[in-house]
Structures are given as C-alpha cells and as structure tokens.
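> Need coordinates for the following:
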Amino acid sequence: AAEPPREVAAPDSPARALAREAGGRAATKRAGTGPATAPASWEPRPSDTATRLILVRHGETEFTEQRRYSGRGDVPLSARGRAQVRATAARVAALAPAVAAVVSSPLSRCTATARAIAGALRGTVPLRTDDDLIECDFGAWEGRTFAEVRAGWQGELDAWLASTRVAPPDGESFTEVAARVTRATDALVEAYPGETVVVVSHVSPIKLVLREALAADDAFLHRLYLDAAGISVLDRWSDGGVAVRSVNDTAHLAAL
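Just a heads-up that it's a prediction; the model follows:
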C-alpha cells in the first residue's frame, strides 16, 4: 500500500517556486555559463562545423501504456514499442546518412532502440552506452501509476512539480539529472565536432537537453510532450551556439 503523505515545508505556490527557479537559471546564464551565453545572431551558422545530436526517445513499454513512473527499472519494449523502433530506425537513417556514433542509456528499452538504429545506418557505426543518459530515479514512485502517486504522496508530488531541486522520496531531482546529462552531451560535442551522433535516452533527459538548448525556464519541462520513439534534432557548436531543428518528430509513427 502507498505510504501516507508526509508534511512538506513548501510555503511557496508552484507558480512562485517555478519563477524563483527560472530567475536562478537566468542569473547563471548572465554569469557566463551554458549554451545561452553564445553571441546572439540572426545569421545562420554553417552546420558542418556543429555537432548534430539526434535525440531519440525509446519505444513504448508496458509502463508507458499503463501511465506508470518508469525510471531505473529495466522494463523491456512492448510489441508496439518494437514496431515503433523499426520505424524510428528507418527515419533516423533517412535523416542522417552519415553517423559517427550511437550512444544509449544502458537500460534495455534504450539499447534495443539503439541497436535497431545502428543496424539501419549505412556502414558500421560504433554503439556504446553511457550511464549519464539513464532516466531519472523516481525512487518510491517507480512502477506506480500517476494516480497512485497523487493519492499516496500529494505533498511530495506538489513539491516535486514546483522545483527541479526536489527529488521524489528516495529518488533523484531533475537538477541532478540535468548535471549528468549536460556532462554527457558536452563530452559528445567535444568528441565529435562537425559530426552527427544519435543519442537514445528517456523522456526526462531529453526534455532537459531541449530546455537548455532553448534557454527555457523550468515550466518547459511540464509543458513539452515527448512521444515514445519521437525524434528531436539540434546542432551544437563548440562556443555554446545552438540551433534546434526539430522537436518530437513522430511522422514516421503515423502508420502504426
């Protein structure tokens, strides 16, 4: 049974807490860190000098269909998820004839997606895993439905939704997830200048990459919807410049 809600010291409303978080992020950007500090320009940059990141969310699992929190648990792809992955692999191969590497979260729903993509690409493409791309640790909420968490942890849920610094009980905050995902993507930009890399991960890490790329505040995380097997594409330059080319492309899933 779900444990009863505990008292949480959260005097701010979710709206005020989000505004405070956004203010802190803006101050960090003004201090000279993050992609948003690149010089502003209307002139298109040459894409052949950027690292292109093709961000792919894994295909569906039973937890996706059942609307359950799915973090570190190694839930495999469902039959529909496997069909999605085949369509996604063909779409990525059409988008990127030349790929330098496929990098994946170590969980099987991602590695199965990554293997299908690597197999569809031209030539032999290195495939490796990176623990920094794993999904958020949802702690006590893992495997529970959204409704179960609302019923059993309403106070903790409100606090978590109001601040990226708050973690689920025994879990990981989005601030912590963002730090490791940024580490992973920064390493890819450094290692593959002017090349294309496919990154297969989960909904939270991909949302956090896109939040930073679009210089958005934390409300973005609750407003952006990312479908299973959706594809997002962005270019990153070594000086911090970013061009977001697409978000949550799902045209390849229309026939499923």
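
> going forward, measure contacts between C-alpha atoms and count neighbours the same way
OK.

> so R91 is in which element?
For R91, the host element (DSSP states H and E) is helix 79-95.

> Mind listing residues that contact that helix?
By CA atoms under 8 Å, 6 or more residues apart in numbering, the residues outside helix 79-95 that reach it are 58-61, 113, 116-122, 228-231, 252-253, 256.

> quick one: which of those sit in helices?
Applying DSSP state H to the contacts of helix 79-95, the entries found in helices are 113, 116-120.

> residue contacts, the most centrally placed residue in the chain?
Note on the chain: the residue nearest the mean C-alpha position is I206, at 1.4 Å, using CA atoms, centre = their mean. Taking CA under 8 Å, 6+ apart, we find I206 in contact with 55, 57.

> unless I'm mixing things up, I134 is touching R72, no?
Yes: between I134 and R72 there is a contact at 7.3 Å, judged by CA atoms under 8 Å.

> Common neighbours of these two, please.
Here I134 and R72 have L107 as joint contacts, going by CA under 8 Å, 6+ apart.

> Comparing those two, which residue is more hemmed in?
I134 (24 against 17; other CA atoms under 10 Å).

> how close does the more buried one get to R183?
Distance of I134 to R183, given as CA to CA, to the nearest Å: 13 Å.

> Kindly report the same for D74.
According to CA to CA, D74 and R183 sit 23 Å apart.

> repeat for G152
34 Å.

> Compare the two and say which is more crowded by neighbours.
For G152 versus R183, neighbours defined as other CA under 10 Å are more numerous around G152 (17 against 13).

> now the ones in helices among the contacts of helix 79-95 as TSV including neighbour count, pLDDT and distance to L157?
Compiled in TSV, these are given as follows (neighbours: other CA atoms under 10 Å; pLDDT from 0 to 100; distance: CA to CA, whole Å):
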residue	neighbour count	pLDDT	distance to L157
T113	26	98	31
A116	18	98	36
I117	25	98	36
A118	22	97	38
G119	15	96	40
A120	20	97	41
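
> Distance to G81 added to these, as CSV?
Putting the ones in helices among the contacts of helix 79-95 into CSV (distance: CA to CA, whole Å) gives the following:
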residue, distance to G81
T113, 9
A116, 12
I117, 14
A118, 17
G119, 17
A120, 17
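
> which one of those is nearest P193?
Within these, the smallest distance to P193 is 19.9 Å, found for A118 (CA to CA).

> pretty sure the closest one contacts L127?
Yes: judged on CA under 8 Å, A118 makes contact with L127 at a distance of 7.0 Å.

> which residues are common contacts for those two?
Shared contacts of A118 and L127 (CA under 8 Å, 6+ apart): V102.

> count of neighbours near the nearest residue to L107 once chain neighbours are set aside?
Distances taken as CA to CA, 6 or more residues apart in numbering place D74 nearest to L107, at 5.7 Å, with adjacent residues excluded. D74: 12 surrounding residues under other CA under 10 Å.

> Contact partners for D74?
The neighbours of D74, taking CA under 8 Å, 6+ apart as the test, are 107-109.

> What of V75?
For V75, the contact set (CA under 8 Å, 6+ apart) comprises 61-63, 107-109.

> residue ranges of the strands in the stretch 151-256 of the chain, please?
Secondary structure of the stretch 151-256 of the chain, counting by DSSP state E, counting those that start in this stretch: strands at 196-201, 231-236, 242-249.

> looking at the ones you listed, which is buried most?
The highest average neighbour count among the strands of the stretch 151-256 of the chain, using mean count of other CA atoms under 10 Å, belongs to strand 196-201 at a mean of 27.

> which helices and strands sit right next to it?
Applying 3 or more CA pairs under 8 Å, 6 or more residues apart in numbering; DSSP states H and E, one finds that strand 196-201 makes contact with strand 51-57, strand 101-104, helix 108-120.

> ok, residues contacting the second one?
Defining contact as CA under 8 Å, 6+ apart, one finds that strand 101-104 is touched by 110-111, 114, 118, 125-130, 133, 196-201.

> Could you rerun that using 7 Å?
Residues from elsewhere that reach strand 101-104 (CA atoms under 7 Å, 6 or more residues apart in numbering): 110-111, 114, 118, 125-130, 133, 197-201.
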